[in-house]
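>>> Let me see the structure of the following:
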Amino acid sequence: MVSIAPLATLSNRGMDDSGGSGFGRDQGHLVDLVQKEVKLMLQAAPDVARSVMRANPTVLEGLGAYLEGITYTEELAA
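Next up, the predicted model:
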């Protein structure tokens with residue numbers, strides 16, 4: 001599972017240039033809401049990727065070719 005740093009840490013706790021709080025008391029609720037949504041999107045990402053690959057096999061073929069190219073390039077660099 002991916003660990004997400006608290007958004008308050010990333011956004012400097014909502015401080016504006018003057019040092020005052022830009023969001024006030026609602027910030028904690030908004031941070032919790034955004035973290036929950038981001039977590040749900042990250043958890044759904046593998047299912048979405050599988051659906052895309054099932055619906056369009058050329059995506060999987062293209063991904064395989066791309067990954068083979070990366071591996072080949074790394075082998076040449078070694």
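>>> Which elements pack onto the host helix or strand of residue 66?
When secondary structure is defined by DSSP states H and E, residue 66 falls within helix 57-77. Judged by 3 or more Cβ pairs under 8 Å, 6 or more residues apart in numbering; DSSP states H and E, the packing partners of helix 57-77 are helix 26-55. Placement of C-beta: from N, CA and C, glycine included.
>>> buried sites along the helix it packs on?
Of the residues in helix 26-55, those buried by neighbour count under the rule 16 or more other Cβ atoms under 10 Å are 27, 31.
>>> Now that helix: average pLDDT?
Helix 26-55 carries an average pLDDT of 89.
>>> now swap in stretch 58-75 and tell me
Over the span of stretch 58-75, the pLDDT mean works out to 82.
>>> List the contacts of that stretch.
Contacts made with stretch 58-75 from outside it, assessed by Cβ atoms under 8 Å, 6 or more residues apart in numbering, are listed as 52, 53.
>>> And residue 55, how far from residue 33?
Applying Cβ to Cβ, to the nearest Å, the value for residue 55 to residue 33 is 31 Å.
>>> ok, now residue 68?
Residue 68 sits 42 Å away from residue 33, taking Cβ to Cβ as the criterion.
>>> what do you get for residue 56?
With distances defined as Cβ to Cβ, the gap from residue 56 to residue 33 amounts to 33 Å.
>>> what does residue 50 give?
When Cβ to Cβ is the yardstick, residue 50 and residue 33 sit 27 Å from each other.
>>> again, but for residue 47
22 Å.
>>> now residue 45
Separation of residue 45 from residue 33 (Cβ to Cβ): 19 Å.
>>> swap in residue 54?
Distance, residue 54 to residue 33, by Cβ to Cβ: 32 Å.
>>> Phi, psi for residue 56 please.
Main-chain torsions, residue 56, degrees, to the nearest 10: phi -140, psi 90.
>>> how big is the angle separating the helix holding residue 66 from helix 26-55?
For helix 57-77 against helix 26-55, the angle between stretch directions is 100 degrees (axes from the mean of the first three to the mean of the last three Cα atoms, to 10 degrees).
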